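# Sharing a sequence plus its predicted fold:
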Amino acid sequence: MATHGESETDPPVPSTSPTTVESVNARRLEFHASLADGQWFALSKALDAAPGPCTPCDPIVIRAEVKRFLKLHLTKPGSGPFLLGFRALIEAQSGRQVAVAWRIDPALLTQSGGEGWMRDAVTMLSTACVRRRDLETMLINDQDNVNSNDSNHEKETPGGVQNKYLAWQLPMDLGDLDLYKLLMKLPDRKTLIRASPSGEIVANASLPEHPTRVTETIGFGGNDCSPSLGKRRHVCCMIIVVTTVCVVAMMTR
């Protein structure tokens, strides 16, 4: 009950007029556009600054860079899908004479683990792989007066060139044994069970100028051997070797 001299008033109702809603939506769109431009600018800088793979490739340098990324970012958001996709690329390339490529949405890099994570992920990919610009599709607005058949078109934005995909392939001279060693550096699928591989695998990405890739007959312990089975075989061989050495040492005493 209101006392004498006081009046009851209802709380003010927020305005929901079309003008207010449109203004809020416009500010929201402007914010997200500004954020996207900043992310694209950071990604563009990271791609430009990233080192390219050694020629010929150096498996030791590649493994060291992968190990560095894992040490810094293994538990970070976005690392699971990223590493599973990279693992799928290595597994798909093993034993094949043609090049295999991995295409990813750039958002995987810009929206996963922060700017530091993005820079290190780009550095790892650029060290371990060769970028395939011919497999990257540019984002073209309908109002752009561009020939859709011109694959070299690049749409400039305040944040740099925006691609629908980014694509990489492993060096053609990186042998199957080196691929196996690289896989052993990565966490297995059981460790990353809550994540799904990112991107897509292009099964035959060879260009006319690409040489035929030399495959190694040992593969991952045999042509019918998966990486996980190869790892178990490797452990079993080590156990047998150590056991044999111990037995011989005891017999010679």
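Right, received. Where do you want to start?
# drop to CA atoms for contacts and neighbour counts, all remaining ones
Will do.
# neighbours of the closest residue to Pro211 other than its chain neighbours, just the number please.
Closest residue in space to Pro211, ignoring its immediate chain neighbours: Met172 at 7.7 Å, by Cα to Cα, 6 or more residues apart in numbering. Using other Cα atoms under 10 Å, Met172 has 21 other residues around it.
# List the contacts of Met172.
Counting by Cα atoms under 8 Å, 6 or more residues apart in numbering, Met172 makes contact with 99, 211, 213.
# And the residues you listed, which of them are buried?
In the contacts of Met172, burial by neighbour count holds for 99, 213, counting by 16 or more other Cα atoms under 10 Å.
# so which of the contacts of Met172 would you say is closest to Glu65?
Ala99 (21.9 Å; Cα to Cα).
# Ile201 versus that closest one, what's the distance?
Applying Cα to Cα, to the nearest Å, the value for Ala99 to Ile201 is 11 Å.
# picking up where we left off before, and the contacts of Met172, which of them are in helices?
The members of these all map outside helices under DSSP state H.
# and which of the contacts of Met172 is nearest to Ala46?
Taking Cα to Cα as the measure, Ala46 sits nearest to Ala99 out of the contacts of Met172, at 25.1 Å.
# my read: the closest one touches Trp168, true?
No: the pair Ala99 / Trp168 is not scored as a contact, 10.3 Å apart, by Cα atoms under 8 Å.
# Kindly list the main-chain dihedrals of Ala128?
Here is the backbone geometry of Ala128 (degrees, to the nearest 10): phi -90, psi -20.
# err, Val202, not the other one
Dihedral angles (degrees, to the nearest 10) for Val202: phi -100, psi 110.
# was I right about it contacting Trp102?
Yes: if you go by Cα under 8 Å, Val202 and Trp102 touch, sitting 6.1 Å apart.
# Those two: which has the busier surroundings?
Trp102 (27 against 18).
# in what helix or strand does that one lie?
strand 101-104 (DSSP states H and E).
# Next one: Val247 relative to Gly80, how far apart?
43 Å.
# what about these two, which has more around it?
Comparing Val247 with Gly80 by other Cα under 10 Å, the one with more neighbours is Gly80, at 24 against 11.
# what about Phe69, neighbour count?
The local packing of Phe69 (other Cα under 10 Å) involves 17 other residues.
# Find the nearest non-adjacent residue to it, please.
Distance criterion Cα to Cα, 6+ apart; nearest residue to Phe69, sequence neighbours excluded, is Asp120 at 6.5 Å.
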